[in-house]
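Engineer: fold the stuff below for me.
(one chain, ligands or ions: 1)
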Amino acid sequence: MASIIVDIPPSMSIVVDHPSYSLASNVVTAHLLLQFIVLRKLQYLILTDDNPFEQFCTNLFVGGDDLNPTIINGKIIAEEIRTGIAAEIRQMKEATGKIPGLAVVLVGKRRDSQSYVRHKIKDCEEVGINSLLDELPDDCPQDDVVNAVSNFNKDPSVHGILVQLPLPKHMDEEKVLNTISLEKDVDGFHPLNVGNLAIRGREPLFIPCAAKACIELLLRSGVELVGKNVVVIGRSRVVGLPTSLLLQRHHATVSVVHAHSKDPERITREADIVISAAGVPNLVRRNWLKRGAVVIDVGTSPVEDPSSEHGYNLTGDVCYEEALQLVSAITPVPGGVGPVTVAMLLSNTLDSAKRAFGLS
Ligand SMILES: Nc1nc2c(c(=O)[nH]1)N[C@@H](CN(C=O)c1ccc(C(=O)N[C@@H](CCC(=O)O)C(=O)O)cc1)CN2
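Structural biologist: Model (predicted):
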């Protein structure tokens, strides 16, 4: 086992004998630890793996309960965005006599997908977007989905098309998404839109909604991104990958943690901002977080709870109660990223209609 000896002040010395000793190479931290030992008249201090050295010291000496974290309210932010979109659509209607149209293809009867699609259609109605829904059975051939998309591609009243994911296992998601016309790809999942998001100097026509929602939540909460260490947990097509790409466009230093990452706790603990999109309830515990970090929780997993109204609770990736004790800002689940994701879909659909009507 490695050890480190720090002399402070001249007559005293401190020996840290622990695997996470490298964190202690920070002399300020060592000073703080020594002060603690002297103050409490301790003979020795045991550091365990879930109580790493630096985090332990930071929590002790910078104070543990004075942070008063900001709860970032996604419902209010989404409402503000929708109000702006509704006003623009009213103006558009006055100027052109036309409104934007969104087409949704829903395959199967997954309850979560049905619920998300309902949210999308309801929010479309609220802001004045016309919505069309094509529902297909779980066991339909892939060609039926491709045909549904192709029909919407040809329909001039449709400015945005989305295929609700995930698709049933027998379908090739990539092939289906490739059939969506680039100009109507309001989810931003078409490989050309993703590729253009990844390349500096290129502009994708659409950016995936959850990625946009994360950035919107951060910027509207006054969180600076330039030069910040951001850890994105998860690398999915829907959230993790596009969010990591979009953050780089905002000049953040981005690390992506995934199922094969070694020591994800340590990597995440170094982040100023953590965006978690793993879909694993309560994955991120207190010891994953740096004091004062900003946390955006994209996870929404149903966790069984017979005492709740629907028999389950929507649970985020981040252990909320634990995180509240040391973060500076956090999004709740529900009521955080989800509603803003849908607002971003409406915004992408409006942008698409503006392009089609020559208004942008
Ligand atoms: N084609 C797509 N499929 C999927 C996407 C997507 O962006 N495009 N994302 C997710 C699901 N999703 C949108 O489709 C989504 C998830 C969650 C919410 C939301 O508002 N959640 C609420 C709670 C809702 C409830 O109570 O049921 C919240 O977090 O407060 C909206 C959209 C996968 N598929």
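Engineer: so which residues on this structure come close to the ligand?
Structural biologist: 115-116, 119, 162-165, 187, 209-210, 238, 300, 314, 333-335, 338-339, 341-342 (Cβ under 6 Å from any ligand atom). Any C-beta I mention is one placed from the backbone N, CA and C, and that applies to glycine too.
Engineer: all strands of the stretch 1-150 of the chain, in order?
Structural biologist: 3-7, 13-17, 70-71, 101-107, 130-136 (DSSP state E, counting those that start in this stretch).
Engineer: so the last one versus strand 101-107, what angle?
Structural biologist: Spelled out, it's strand 130-136. 20 degrees (axes from the mean of the first three to the mean of the last three Cα atoms, to 10 degrees).
Engineer: ranges for the strands of the stretch 251-360 of the chain?
Structural biologist: 253-257, 273-276, 294-297, 301-304, 312-315, 329-330.
Engineer: can you redo those as JSON lines with mean pLDDT?
Structural biologist: What follows is these, written out as JSON lines (pLDDT from 0 to 100):
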{"stretch": "strand 253-257", "mean pLDDT": "98"}
{"stretch": "strand 273-276", "mean pLDDT": "98"}
{"stretch": "strand 294-297", "mean pLDDT": "98"}
{"stretch": "strand 301-304", "mean pLDDT": "92"}
{"stretch": "strand 312-315", "mean pLDDT": "92"}
{"stretch": "strand 329-330", "mean pLDDT": "98"}
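Engineer: how many neighbouring residues does whatever residue of the chain ends up closest to the ligand have?
Structural biologist: Across the chain, no residue is closer to the ligand than residue 338, which sits at 2.4 Å (Cβ to the nearest ligand atom). By the criterion of other Cβ atoms under 10 Å, residue 338 has 21 neighbours.
Engineer: how many neighbours does the closest residue in space to residue 339 that isn't next to it in sequence have?
Structural biologist: Leaving aside its sequence neighbours, residue 339 sits nearest to residue 78 (Cβ to Cβ, 6 or more residues apart in numbering; 3.7 Å). By other Cβ under 10 Å, the residues close to residue 78 number 25.
Engineer: what of the one 4 residues further on?
Structural biologist: Using other Cβ under 10 Å as the criterion, residue 82 is surrounded by 18 other residues.
Engineer: was I right to think residue 233 contacts residue 257?
Structural biologist: Yes: with contact defined as Cβ atoms under 8 Å, residue 233 counts as touching residue 257 (4.8 Å).
Engineer: more neighbours: which of the two?
Structural biologist: Each of residue 233 and residue 257 has its neighbours counted (other Cβ under 10 Å); residue 233 has more, 31 against 25.
Engineer: that older thread, by mean pLDDT, show me the worst of the strands of the stretch 1-150 of the chain.
Structural biologist: Lowest mean pLDDT within the strands of the stretch 1-150 of the chain: strand 3-7, a mean of 40.
Engineer: any residues in contact with both of residue 233 and residue 257?
Structural biologist: Common contacts of residue 233 and residue 257 (Cβ atoms under 8 Å, 6 or more residues apart in numbering): 264, 268.
Engineer: give me the residue at the spatial middle of the chain.
Structural biologist: residue 298 (4.1 Å; Cα atoms, centre = their mean).
Engineer: quick one: contacts of the longest helix seen in the chain?
Structural biologist: In the chain, assigned by DSSP state H, the helix with the most residues is helix 74-96. Helix 74-96 is contacted from outside by 98-100, 123, 126-129, 213, 216-217, 220, 331-332, 335-340, 342-344, 346-347, 350, 353-354, 357, 359, using Cβ under 8 Å, 6+ apart.
Engineer: distance from that helix to the middle of the chain?
Structural biologist: Mean-position distance between helix 74-96 and its chain equals 23 Å (Cα atoms, centre = their mean, to the nearest Å).
Engineer: and the protein, what are its domains?
Structural biologist: 3-61, 70-74+208-341 (automatic domain parsing).
Engineer: so what's the spatially closest residue to residue 113 that is not a sequence neighbour up against?
Structural biologist: Distance criterion Cβ to Cβ, 6+ apart; nearest residue to residue 113, sequence neighbours excluded, is residue 164 at 4.9 Å. Counting by Cβ under 8 Å, 6+ apart, residue 164 touches 104, 105, 106, 107, 113, 116, 117.
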